[in-house]
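Student: The following block contains a protein sequence and its predicted model.
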There are 2 protein chains.
Amino acid sequence: MTSTPQDSPRRGRYHHGDLRSALVRTGFDLLAKSGPAAFSVAQVARELGVSTAAPYRHFPDRAHLLAAVATQAAEELAAELERAAELAGPDPAERFAATAGAYVRFVSARGAGFTVIFATELQALHDQTLATAGRRLMDLLLDLAHEATGLGPEHSPRLLEQHIALAHGYVALHADGFFSRRQHTVEHLADQAVEASRTLLRGLATPRHGP
Amino acid sequence: MTSTPQDSPRRGRYHHGDLRSALVRTGFDLLAKSGPAAFSVAQVARELGVSTAAPYRHFPDRAHLLAAVATQAAEELAAELERAAELAGPDPAERFAATAGAYVRFVSARGAGFTVIFATELQALHDQTLATAGRRLMDLLLDLAHEATGLGPEHSPRLLEQHIALAHGYVALHADGFFSRRQHTVEHLADQAVEASRTLLRGLATPRHGP
DNA sequence: GTCTATAAATAGATAGAC
DNA sequence: GTCTATCTATTTATAGAC
């Protein structure tokens, strides 16, 4: 067996030019595959074929690596939500509702949503790039919520919280097996979340004592 | 109950007559205090002042202890939801909406909601008492949902899923710090969840193309 | 910058004494 | 039924070699 350093990426020295970004990418993949509980520095290192000590040259501790992953997640999620709004057409209500479906799809596929991006554990780091990415994400949603309500801007934050709770609830329950053994595919749940968001907005525009 | 024949309940032999139920009770408290991630057989044993081996005389493994805790949680949660519905008065919509608030309060206080009760990890055990408790919980909610919709029973499951996703979303986001540093108390979030559930029901009763 | 080796926690689980 | 002692596995993190 000819073992040059380039022979196998899982053995010997790791000659990557940019281990830092490889750690973030692989960490993100691990999150998507195994969930936040299984995320560990050691496992990320193993999947990259480097020693478990190597990541500590690039991140001081587990939380800082996770923060870099969360930042990446926030940026990709914002892009997905923006894309979903564009695909939904010109109707502001549809554009807003569509982000619920995009959230369900993104978190199902990538394992990182609001609870990772805004986790207390990471907020304590005061990571500037994570804070910025999180703020941009919320601003995007707040703008869409504002356009979706014709009732004045004071209703947007409440609608947005309801909308986020709804979308996150669907995907959290799904991840933990609540919806399991039925026809609840991710696509189905995403559609349900969109429909629920439409229903919320319709209910908000309806007088208190019936139509 | 406070004084054992020995001087301290945390040292020496543990003379409890019913360690099994003490493990369930303390396990539930640990869940409420530290969350599902921190739940461990060893920690439950430590808090009871018994050796880490003792629990294994009563439960074959961690999952079976957790299942017993989840069963207890399902029963207490069902009782809380029923109580909330009663307190809400005679209006079916209010009775249904009130369960969203009760769910937020219960899970915030006790640490165990749908994701613990219906966790995939525990479903695999095929524990009969857990399955029964879970089914009773869902039946209760389904009945309330059915009474709340005047649109025929085929709408109840969808409404119930939306309602559950909403309530669970609020409490999951809260637990993970999303709502943290504002005036978002548990009571406030519970009220928000109730209001959102009302809005859902109002939206469901509203024609598709505006009032 | 990466490696080997190691330390200190913590967990799940088992064997055998009492 | 509970204890002491132990094994195995895993993690975070550091020290020092190369």
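Tutor: Perfect, thanks for sending it.
Student: which stretches of chain A aren't confidently modelled?
Tutor: A:1-15, A:181-182, A:209-211 (pLDDT under 70).
Student: For it, which segments count as helices?
Tutor: Using DSSP state H, the helices of chain A run over residues A:19-34, A:41-48, A:62-87, A:92-110, A:114-117, A:120-123, A:128-148, A:156-175, A:186-204.
Student: ok now the longest one, how far from the chain's centre?
Tutor: For helix A:62-87, the separation from the chain centroid amounts to 6 Å (computed by C-alpha atoms, centre = their mean, to the nearest Å).
Student: on contacts alone, who are the packing partners of that helix?
Tutor: Using 3 or more C-beta pairs under 8 Å, 6 or more residues apart in numbering or on different chains; DSSP states H and E, the elements in contact with helix A:62-87 are helix A:19-34, helix A:41-48, helix A:92-110, helix A:114-117, helix A:120-123, helix A:128-148. In short, each C-beta sits where N, CA and C put it, glycine included.
Student: can you pull the buried residues of it?
Tutor: Across helix A:62-87, burial judged by 16 or more other C-beta atoms under 10 Å in any protein chain shown covers A:62-75, A:77-78, A:80-82, A:84-85.
Student: One more: stretch A:161-176?
Tutor: Going by neighbour count (16+ other C-beta under 10 Å), the buried part of stretch A:161-176 is A:161-176.
Student: Break chain A down into its domains, please.
Tutor: Following automatic domain parsing, chain A resolves into domains at A:1-59, A:70-205.
Student: Give me whichever of the ones you listed is most buried.
Tutor: Most buried of the domains of chain A, by mean neighbour count (mean count of other C-beta atoms under 10 Å in any protein chain shown): domain A:70-205, with a mean of 20.
Student: For the helices and strands packed on helix A:62-87, could you give me a markdown table that also reports distance to chain B?
Tutor: Listed next are the helices and strands packed on helix A:62-87 as a markdown table, based on distance: least, C-beta to the nearest C-beta, whole Å:
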| stretch | distance to chain B |
| --- | --- |
| helix A:19-34 | 14 |
| helix A:41-48 | 16 |
| helix A:92-110 | 10 |
| helix A:114-117 | 4 |
| helix A:120-123 | 3 |
| helix A:128-148 | 10 |
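Student: could you dump those helices to TSV with distance to A:P207?
Tutor: What follows is the helices and strands packed on helix A:62-87, written out as TSV (distance: least, C-beta to C-beta, whole Å):
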stretch	distance to A:P207
helix A:19-34	44
helix A:41-48	53
helix A:92-110	18
helix A:114-117	32
helix A:120-123	39
helix A:128-148	18
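Student: Can I get these in TSV including distance to DNA strand D?
Tutor: Shown next, in TSV, are the helices and strands packed on helix A:62-87 (distance: least, C-beta to the nearest atom of the strand, whole Å):
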stretch	distance to DNA strand D
helix A:19-34	9
helix A:41-48	4
helix A:92-110	19
helix A:114-117	15
helix A:120-123	11
helix A:128-148	17
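Student: Select, out of the ones you listed, the one closest to A:S180.
Tutor: Using C-beta to C-beta as the measure, helix A:92-110 is the one of the helices and strands packed on helix A:62-87 that comes nearest A:S180, at 13.2 Å.
Student: what's the closest of the helices of chain A to B:G27?
Tutor: When the helices of chain A are compared by C-beta to C-beta, helix A:156-175 sits nearest B:G27, at 22.4 Å.
Student: these two touch, right, A:G134 and A:V116?
Tutor: No - counting by C-beta atoms under 8 Å, A:G134 sits too far from A:V116 to count as a contact (10.5 Å).
Student: contacting residues around the residue sitting nearest the centre point of chain A?
Tutor: Nearest to the geometric centre of chain A sits A:G113, at 2.9 Å (C-alpha atoms, centre = their mean). Taking C-beta atoms under 8 Å, 6 or more residues apart in numbering or on different chains as the criterion, A:G113 is in contact with A:73, A:77, A:103, A:106-107, A:168, A:171.
Student: For A:L201, give its distance to A:E147.
Tutor: Per C-beta to C-beta, to the nearest Å, A:L201 is found 11 Å from A:E147.
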